[in-house]
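Asker: Provide a 3D model corresponding to the input given below.
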Amino acid sequence: MPVGMGTVEVMAVHRPKYQKQRFALRMVWTIISNILLLKAAFGAMRRADAVLFTGSPPLMLHFIAPLNILIDKHLIYRITDFHPECLIVDGGWRGPLAGIALRLTRFWRRRIDQFEVLGIDQARRLTAMGISEDRIRLKRDPSPVTFSQGLVPVDLPRELEDASGVILYSGNWGVAHDDKTFVQAYAEYRRQSEHGLTLWLNAVGTKADGVERALRAHGVPMHRSSLVPLEDLPRLLLAVDVHLITLGDAFVGYVLPSKIHACIESGKRILFVGSESSDVHLLASQSPERYCRVEVGDVEGLVKKLQALELAVVAERKLSASPSEEPAKLRDRMTLIEN
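Answerer: This is a model prediction of the structure:
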């Protein structure tokens with residue numbers, strides 16, 4: 001298909017699904033997939049001046065970098081999640097083999113001509129490995145959705161209709177995302193606030209089911225749903241009051257939750273449980289009046305943030321429902337709440 005002054009050709013390689021929890025089968029799937037992808041693209045790579053590859057499937061670096069010794073192309077690595085660092089941090093891969101894999105990965109990375117990173121935190125990780133800054137280019141992911149004028153939000157599920165406000169966690173809640181801080185804080189917050197903000201868990205991932213089970217065990221209100229189609233995602237993001245994003249400290253710079261871009265563009269409030277050294281904080285803090293953050297593990301601080309968010313959301317809803325109310329007075333009240 002034509003794109004600008006050039007063209008794009010897509011060569012599809014069919015691969016079956018795999019279970020992420022089964023490490024051995026996952027590694028076999030990854031090795032075979034990388035070999036098949038390079039086989040399908042080999043002719044085009046030989047004709048090219050430069051070859052750009054990403055971190056999906058994982059460990060492609062270990063296949064394409066050695067191959068490049070033969071074909072000698074300008075290699076561009078658009079690095080997304082860092083592998084094997086994420087697996088090592090998660091504790092799923094330890095021992096001498098993990099150490100060898102990490103050293104080998106860094107060896108091949110230092111032989112890449114150019115990196116495209118999603119965030120400044122990723123660039124810091126690369127420079128710490130000995131990659132020179134002049135080989136690193138910041139190229140953020142765009143939002144996967146657009147918010148057209150007059151877009152109508154989705155209807156709230158029945159369980160959320162009477163909530164004073166809705167907190168949405170949408171997308172993947174996986175190993176890189178902190179869960180314990182929010183679960184403990186949300187349970188305590190709901191014990192103190194009878195009609196507070198309610199969580200809408202529209203998520204998949206290795207921790208999503210655990211979050212639901214823990215909150216059900218605490219007996220606090222929440223709603224769980226399946227992921228909506230991508231075309232309905234903008235309407236979903238507009239239907240709630242607060243977007244929740246979490247990230248474990250050990251994964252900062254190794255993982256950047258890509259949903260931050262869509263959450264910002266939605267114009268809704270953002271609650272981030274994570275480090276200020278993450279680019280999530282760097283991006284979201286550019287609109288400080290609609291953003292708040294707590295450190296991982298700060299349960300008491302998160303309870304207070306949730307209470308402040310509840311007051312702000314309630315005031316905002318009243319302002320929306322009662323346009324005749326004196327605007328200046330409401331603005332002053334909301335500013336005091338945020339402060």
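Asker: Tell me how many other residues surround W108.
Answerer: By the measure other Cβ atoms under 10 Å, the count of residues near W108 is 17. C-betas here are computed from N, CA, C, even on glycine.
Asker: Revised request: answer the last question for P157.
Answerer: Neighbourhood size, P157 [other Cβ under 10 Å]: 15.
Asker: same check, this time on the one 5 residues further on
Answerer: D162 sits with 10 neighbouring residues when counted by other Cβ under 10 Å.
Asker: separation between it and D155?
Answerer: Distance, D162 to D155, using Cβ to Cβ, to the nearest Å: 14 Å.
Asker: Same question for A98.
Answerer: 48 Å.
Asker: Who has more neighbours out of these two?
Answerer: Each of A98 and D155 has its neighbours counted (other Cβ under 10 Å); A98 has more, 15 against 10.
Asker: And for L244, the neighbour number?
Answerer: Neighbours of L244 using other Cβ under 10 Å come to 23.
Asker: tell me the SS of the residue nearest to G55 when sequence neighbours are not counted?
Answerer: With Cβ to Cβ, 6 or more residues apart in numbering as the criterion, G55 has its nearest non-adjacent residue at 4.1 Å, and that residue is T80. Put simply, T80 is coil when judged by DSSP: H, G, I helix; E, B strand; the rest coil.
Asker: for the helix or strand containing G210, packing partners?
Answerer: Secondary structure assigned from DSSP states H and E places G210 in helix 208-218. For helix 208-218, the packing partners by 3 or more Cβ pairs under 8 Å, 6 or more residues apart in numbering; DSSP states H and E come out as helix 180-192, strand 198-204, strand 222-225.
Asker: if we look at it, which residues are touching it?
Answerer: 169, 172-173, 179, 182-183, 186-187, 190, 199, 201, 203, 222, 224 (Cβ atoms under 8 Å, 6 or more residues apart in numbering).
Asker: ok, now stretch 62-70?
Answerer: 34-35, 38, 51, 53, 75, 104-105, 108, 111-112.
Asker: quick one: the lengthiest helix in the chain to chain centroid distance?
Answerer: Taking DSSP state H as the criterion, the chain has its longest helix at helix 23-47. Here helix 23-47 is found 26 Å from its chain centre; the criterion is Cα atoms, centre = their mean, to the nearest Å.
Asker: Break this protein into its domains for me.
Answerer: Annotated domains of the chain cover 2-138, 158-338 [automatic domain parsing].
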